[in-house]
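1. Using only what follows, build the 3D model:
(chains A, B, C, D, E and F)
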6 protein chains.
Amino acid sequence: MSNRLEEFRAYRTRMNDRIGQIDHLGIKRFFNLDGAAYKDGALDAKTKEMLGLVASAVLRCNDCIDYHLIQCVDAGWTDEELYDGLNVALIVGGSIVIPHLRHAVETIDTLRAEQKSIP
Amino acid sequence: MSNRLEEFRAYRTRMNDRIGQIDHLGIKRFFNLDGAAYKDGALDAKTKEMLGLVASAVLRCNDCIDYHLIQCVDAGWTDEELYDGLNVALIVGGSIVIPHLRHAVETIDTLRAEQKSIP
Amino acid sequence: MSNRLEEFRAYRTRMNDRIGQIDHLGIKRFFNLDGAAYKDGALDAKTKEMLGLVASAVLRCNDCIDYHLIQCVDAGWTDEELYDGLNVALIVGGSIVIPHLRHAVETIDTLRAEQKSIP
Amino acid sequence: MSNRLEEFRAYRTRMNDRIGQIDHLGIKRFFNLDGAAYKDGALDAKTKEMLGLVASAVLRCNDCIDYHLIQCVDAGWTDEELYDGLNVALIVGGSIVIPHLRHAVETIDTLRAEQKSIP
Amino acid sequence: MSNRLEEFRAYRTRMNDRIGQIDHLGIKRFFNLDGAAYKDGALDAKTKEMLGLVASAVLRCNDCIDYHLIQCVDAGWTDEELYDGLNVALIVGGSIVIPHLRHAVETIDTLRAEQKSIP
Amino acid sequence: MSNRLEEFRAYRTRMNDRIGQIDHLGIKRFFNLDGAAYKDGALDAKTKEMLGLVASAVLRCNDCIDYHLIQCVDAGWTDEELYDGLNVALIVGGSIVIPHLRHAVETIDTLRAEQKSIP
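-> Predicted structure coming up:
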């Protein structure tokens, strides 16, 4: 289980580096803009990560869900808060979101296990 | 402009009443569950309305955007906070969200004008 | 209300005729294939129209919903059966389907009113 | 091939159990409502499973397709009827559905092989 | 018919101006990036507008279709080429694209009528 | 990495053959129509493959992206042109397209490696 998340992180880093090498100005600027969208602003970074999570869940993108869950756990959201946000995604997006809810809950469990294993 | 929002509210009320008359147990329970999803829980109602707004924006549903904007303004979100949430939706969902951003900004302006006209 | 459906039918006929004039072989063949998909086969035409309705509802296309509702009413589906099919669409697709459920119920009411007004 | 379906069933059961443990009232009620949507009503359960299959196919969710195919085969739909339903999904949803059609046909073949291997 | 397009252009200009006033850095940078994506690069601007049109059609956004059709006609694409691009969108996206094909063909006809009426 | 693409090609061939065996007239005709949509017409085949790629990217289908990338490389598009097309998809579809951009860039690299290894 932990493997799945580690593979995602490694693949994401490797391919983002490769995309950086490509050196397409538009793509680079989009990546910068994407990063900036989740910084503290009128809304704080923590709230924005929850928004990113729910947007990813209703659009049904597992990689995006994993990325925002990593950020959400880092930002200090509790499990109960994450479940409550995912419930909004489930209601808005319907049962087609359920496979992604399963994925998200597994990722949350993995992230908590990782937290515990760090001495 | 205000007309568009008034028409939406009138149509929404009329057809939700009609759907109530239909008396389909599954549909009625879904509507109840939908209402319950935005009540205070692990996350507060105010945060959940912002989640509903961003989910509606990335899924590109103007009626849903209007509904959640009405709730968001009621819950006390400022314009700057709403724009910041919509910016997350724009980055996640891309330029295909722009027509809905135009719609959302118009709705926010209309809601603020309504607030001012109430003595 | 009836106007909305009459306008849809008139616009659909006018523009389908115009698309026919364009005389693009691929587009014409797709339209033929689309028509053929709802004819009696291993599944009967009536069942297929219900499938078309639910597919249109989860994909959130009001024009497609109206078209398949016209066909479904023609094929003999009752209101209760249509509501039950739309409930499946609501559960699969979530609250984002609700505006289209309102639209669909209004269309069903209009179609039934048209049936009554025919002597 | 059979492995893929067995893994899906095991993963689905394990994670649904885990989601039950989470004990979020909204999520639990949604799961109940989802189950109820496919019971006999104005439409019979068999027809509703076919609706669920076509909705899953146009929304392009392989896990949902597999789940509804399992139910459809259980409910007694023949291969020819399943193909005819999937053809409606293909026409409505376009070539982007083709990878899911390949997946669905493989799942049907696996389910039939399982049926034959049960003495 | 011409009215629809004129209204779209007026609304788009008015609301884009309003969005400019809002002065959200992220939104402004996204709008700039969006504009830049269609400039001559490794692909020429004309080809990119056709890409924007097909992307808009499969994502089923009428405002986006109208915007890119205006640009495509400006860039010199012929009707036959536009129809051929829309045919790709129809095949990829399926019959759910048909209402948007009707809209697109009407827009093309309006744009050509506008071209003829300019002395 | 090359394995992923080889597996895709083998699976695609095997299941398309199986779908051919099924012998459903509608499905067969759709596959023919799909093939025909990318032949030289008012637009040339090379341009149409780029349209298919961008449509696949905004609809977020990795198998479709891989298929059209194979065709695009065959048709002679350069890496820089492919990146520029993918940039349009990224702007239109937003950050939810990023995981598919990573996939696409990996596929392009694999296809170029395959080209080099052919003596």
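2. Spell out which parts of chain A neighbour chain F.
-> Proximity of chain A to chain F (Cβ under 8 Å from any Cβ of the partner chain) is limited to residues A:11-12, A:15-16, A:18-19, A:22, A:24, A:26-27, A:30-31, A:34, A:55-56, A:59, A:61, A:63-64. C-beta coordinates here come from the backbone N, C-alpha and C atoms, glycine included.
3. if you set the cut-off to 7 Å instead, what comes out?
-> A:15, A:18-19, A:22, A:24, A:26-27, A:30, A:34, A:59, A:61, A:63-64 (Cβ under 7 Å from any Cβ of the partner chain).
4. Dump these to TSV, plus secondary structure.
-> Putting these into TSV (DSSP: H, G, I helix; E, B strand; the rest coil) gives the following:
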residue	secondary structure
A:Met15	helix
A:Arg18	helix
A:Ile19	helix
A:Ile22	helix
A:His24	coil
A:Gly26	helix
A:Ile27	helix
A:Phe30	helix
A:Asp34	helix
A:Leu59	coil
A:Cys61	coil
A:Asp63	helix
A:Cys64	helix
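5. of the residues you listed, closest to chain C?
-> Checking the residues of chain A next to chain F against chain C by Cβ to the nearest Cβ gives A:Leu59 as the nearest, at 11.3 Å.
6. neighbours around the residue nearest to the closest one when sequence neighbours are not counted, how many?
-> Of all residues not flanking A:Leu59 in the chain, F:Ile96 sits nearest, at 5.0 Å (Cβ to Cβ, 6 or more residues apart in numbering or on different chains). Per other Cβ atoms under 10 Å in any protein chain shown, the neighbour tally for F:Ile96 reads 22.
7. Make sure F:Ile96 is actually in contact with A:Cys64.
-> Yes: look at F:Ile96 against A:Cys64 with Cβ atoms under 7 Å: they come within range, at 6.0 Å.
8. how much space is there between the residue nearest in space to the middle of chain A and B:Val92?
-> Closest to where the C-alpha atoms of chain A average out (Cα atoms, centre = their mean) is A:His68, at 1.7 Å. As judged by Cβ to Cβ, to the nearest Å, A:His68 and B:Val92 stand 10 Å apart.
9. intersection of neighbour lists for the two?
-> Common neighbours of A:His68 and B:Val92 (criterion: Cβ atoms under 7 Å, 6 or more residues apart in numbering or on different chains): A:Gly52.
10. Break down chain A into its helices, ranges please.
-> Remark: helices assigned in chain A by DSSP state H are A:2-22, A:25-36, A:45-58, A:62-75, A:79-93, A:98-117.
11. Provide a list of residues in contact with A:His68.
-> Per Cβ under 7 Å, 6+ apart, neighbours of A:His68: A:Glu49, A:Gly52, A:Leu53, A:Ser56.
12. What about A:Asp23, how many residues nearby?
-> 10.
13. do A:Glu7 as well
-> A:Glu7 is flanked by 10 other residues according to other Cβ under 10 Å.
14. Check what pLDDT it gets.
-> pLDDT, A:Glu7: 97.
15. and what of A:Lys116?
-> A:Lys116 carries a pLDDT value of 93.
16. now do A:Ala55
-> Among the per-residue scores, A:Ala55 shows a pLDDT of 98.
17. what do you get for the one 4 residues further on?
-> The pLDDT attached to A:Leu59 in the predicted structure is 98.
18. if we can go back for a sec, what's the closest of the contacts of A:His68 to chain B?
-> The nearest member of these to chain B, counting by Cβ to the nearest Cβ, is A:Gly52 at 6.2 Å.
19. Please tell me I have it right and that closest one contacts A:Gly35.
-> No: applying Cβ under 7 Å as the test, A:Gly52 and A:Gly35 come out as separate, 11.4 Å apart.
20. Have a look at those two and say which one is more surrounded.
-> Counting neighbours by other Cβ under 10 Å for A:Gly52 and for A:Gly35 shows that A:Gly52 has the greater number, 26 against 11.
21. And for that one, nearest residue in space, chain neighbours not counted?
-> Nearest non-adjacent residue to A:Gly52 (Cβ to Cβ, 6+ apart): A:His68, at 4.3 Å.
22. What's the separation between that neighbour and chain D?
-> From A:His68 across to chain D, the span is 19 Å (Cβ to the nearest Cβ, to the nearest Å).
23. What of A:Ala10?
-> From A:Ala10 to chain D the distance is 22 Å (Cβ to the nearest Cβ).
24. so A:Val73 makes contact with A:Asp109?
-> No: A:Val73 is beyond contact range of A:Asp109, at 10.9 Å (criterion: Cβ under 7 Å).
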